[in-house]
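[1] Fold the following.
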Amino acid sequence: MPISGEVYLSKIPLLDKNKRIFAYELTLKDKEENPIPVEDFAEILANISLERIAGHHLLFIKVDPHILDQEILDYIPEEKTVLYITKINEDIIPVIKQLKSIGFRFAFPLNKDFETTKNLADYVFFNVSKLKDELIKKLVTIKFPFEFVLEGIKDEKEFEYYISLGYKLFRGDFILRPQTIVGKTIEPSKAAIIQLFNQINEEFDPKKIEEIIKKNPDLSVSLLKYINSAVFSFREKITSIRHAISILGQKNLMQWLLLYMYRTSDDTSYAETLLELAAERGKTMEIIFEKLKLPKEEVEKAFLVGVLSLMDKLLKTPKEEFVKELNLDEEINEALVRYEGKLGKVLLIVEKIEEGNLQEISHILEDMKLSINDIMAAQVQAYAWFEDVNIV
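    Next comes the predicted model:
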């Protein structure tokens, strides 16, 4: 992607009250955390598909007001996009009104311009840590022509509190942050999947794997859907579960099972959110390891680390506990629990990019001879891949 400077893409999930992704907030910045020039923004949008990045979700894009009257908007699908304007002036109001008339939606922060923006807004963001609780309780009772999106949520307990007040939309970065999880045993419903995982990981025997899958009809159906997804283009007809296992091979079968594990959680909407984030992490890491020209075995481990990086939240089990259950390679364990080795460093890079925090990883990027553009290119490929494979 030939642009004048290094640019990174931060894609934060916006959640509804069921922890389901209803949109993504997309930010493009340079490595000094500054908004990128209009010409670079336009070039990026011309080279990537926003629809592939967001899938079927809405996309909130933070933009400066001065780009609203530029041809750059030709690259933005208005029916799927919310333009998030952080600063406003009187001159731009007629432009906003004109863009709203053709289908664009707008979001603004709750600030001193509120009297101006409240009648232009479809969404208004505010940080819960910067408002008094009495005001937060009052705002939810007033009928506004827009919806509030709450930022600054620390953890799930706080998330549940604001839901109890009546708020419905939230910036979901809190689910990406590491949190202390009280130890508990893995549910029996997951135990069979873990048995299958260990069978695939330790001894790739199609006959034994078939025996486990056949005991669970849901696994059989999911496997057949996966092998017929847009990711693959096998010409031969699948004649049996064992045939499907043999064609997919160990790597693809492992990918399918990890995605399936997220799909079968009791808390379906939350699991779907974790699935999307974890799968994209895994694919991003895999592509980065390919870029580094590392051995195939290391590339496959990279995908595994990314997908497993949110498994503690899915299983509600500390990472130290579930890695023991999965009988994982020690290199993978160290990456997941302590961010050690190449795998751990790349996982940390991906997590910090998600947060929009480059300062902590600039030295790691330099040590690994990776550019921010390398990471962004991997992210964009991963988002498109997930849209193709998301039928497990």
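[2] can I see the domain layout of the chain?
    7-175, 188-389 (automatic domain parsing).
[3] need those domains in a markdown table with mean neighbour count, can you?
    Every C-beta, even on glycine, is put in place using the N, C-alpha and C of the backbone. Listed next are those as a markdown table, based on neighbours: other CB atoms under 10 Å:
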| stretch | mean neighbour count |
| --- | --- |
| domain 7-175 | 16 |
| domain 188-389 | 18 |
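[4] Can I get the ones you listed in TSV including mean pLDDT?
    Converted to TSV, those look like this (pLDDT from 0 to 100):
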stretch	mean pLDDT
domain 7-175	88
domain 188-389	86
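[5] show me the contacts for residue 334.
    Going by CB atoms under 8 Å, 6 or more residues apart in numbering, residue 334 touches 340, 341, 343, 344.
[6] continuing past the one helix or strand it maps to, what's the next helix or strand?
    If you go by DSSP states H and E, residue 334 is part of helix 330-338. The C-terminal neighbour of helix 330-338 among helices and strands, as given by DSSP H and E, is helix 341-355.
[7] got the angle between that following helix and helix 330-338?
    On the basis of axes from the mean of the first three to the mean of the last three CA atoms, to 10 degrees, helix 341-355 is oriented at 40 degrees to helix 330-338.
[8] can you start the count at 476 instead of 1 from here on
    With the count now opening at 476, the last piece we talked about shows up as helix 816-830.
[9] and helix 816-830, C-alpha only, in PDB?
    C-alpha atoms of helix 816-830 as PDB (Å, rounded to 0.1, in the frame of the first residue of the first chain):
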ATOM      1  CA  GLY A 816       9.300 -15.400  22.400                       C
ATOM      2  CA  LYS A 817       8.500 -14.300  18.800                       C
ATOM      3  CA  LEU A 818       4.900 -15.500  19.300                       C
ATOM      4  CA  GLY A 819       4.400 -13.500  22.400                       C
ATOM      5  CA  LYS A 820       5.900 -10.400  20.900                       C
ATOM      6  CA  VAL A 821       3.700 -10.500  17.800                       C
ATOM      7  CA  LEU A 822       0.600 -11.200  20.000                       C
ATOM      8  CA  LEU A 823       1.500  -8.100  22.000                       C
ATOM      9  CA  ILE A 824       1.900  -6.100  18.800                       C
ATOM     10  CA  VAL A 825      -1.500  -7.100  17.600                       C
ATOM     11  CA  GLU A 826      -3.200  -6.400  21.000                       C
ATOM     12  CA  LYS A 827      -1.600  -2.900  21.300                       C
ATOM     13  CA  ILE A 828      -2.500  -2.000  17.700                       C
ATOM     14  CA  GLU A 829      -6.100  -2.900  18.600                       C
ATOM     15  CA  GLU A 830      -5.900  -0.500  21.500                       C
END
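[10] what does it rub up against?
    For helix 816-830, the surrounding residues in contact (CB under 8 Å, 6+ apart) are 483-487, 648, 651-652, 756, 759-760, 763-764, 767, 769, 773, 776-777, 780-781, 784, 806-807, 809-811, 813-814, 833, 835-836, 839-840, 842-843, 845, 850, 854.
[11] related to what we said a few turns ago, quick check, nearest of the contacts of residue 809 to residue 598?
    Nearest to residue 598, judged by CB to CB, of the contacts of residue 809 is residue 819 at 36.6 Å.
[12] Checking my notes, residue 559 in a strand, right?
    Yes - under DSSP: H, G, I helix; E, B strand; the rest coil, residue 559 falls within a strand.
[13] Provide a list of residues in contact with it.
    500, 535, 536, 537, 538, 581, 582, 583, 600.
[14] doesn't residue 782 make contact with residue 756?
    Yes - with contacts counted by CB atoms under 8 Å, residue 756 reaches residue 782, the gap being 6.9 Å.
[15] For the residue positioned nearest the centre of the chain, which non-adjacent residue is spatially closest?
    The centroid of the chain falls nearest to residue 752 when counting by CA atoms, centre = their mean (3.1 Å). Distances taken as CB to CB, 6 or more residues apart in numbering place residue 785 nearest to residue 752, at 6.1 Å, with adjacent residues excluded.
[16] re earlier: so the helix or strand where the residue nearest to the centre of the chain lies versus helix 816-830, what angle?
    Assigned by DSSP H and E, residue 752 belongs to helix 743-766. If you take the same axes, to 10 degrees, helix 743-766 sits at 130 degrees to helix 816-830.
[17] can you give me the offset of helix 743-766 from its chain's centre?
    7 Å (CA atoms, centre = their mean, to the nearest Å).
[18] who does whichever helix or strand comes after that helix touch, helix- and strand-wise?
    Once helix 743-766 ends, the next helix or strand along the chain (criterion: DSSP H and E) is helix 771-783. On a contact count with 3 or more CB pairs under 8 Å, 6 or more residues apart in numbering; DSSP states H and E, helix 771-783 meets helix 716-738, helix 743-766, helix 805-813, helix 816-830.
[19] Quick one, which of these gets closest to residue 504.
    helix 816-830 (10.5 Å).
[20] Could you give the separation of the helix or strand just after the closest one from the chain centroid?
    Per DSSP H and E, the first helix or strand lying C-terminal to helix 816-830 is helix 837-842. Computed by CA atoms, centre = their mean, the chain-centroid distance of helix 837-842 equals 23 Å.
[21] Return helix 837-842 as CSV; C-alpha atoms alone will do.
    The C-alpha trace of helix 837-842 is given here as CSV (Å, rounded to 0.1, in the frame of the first residue of the first chain):
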residue,chain,number,x,y,z
SER,A,837,7.7,0.6,18.7
HIS,A,838,10.9,-1.1,19.9
ILE,A,839,9.4,-4.6,19.3
LEU,A,840,8.5,-3.6,15.7
GLU,A,841,12.0,-2.3,15.2
ASP,A,842,13.6,-5.4,16.7
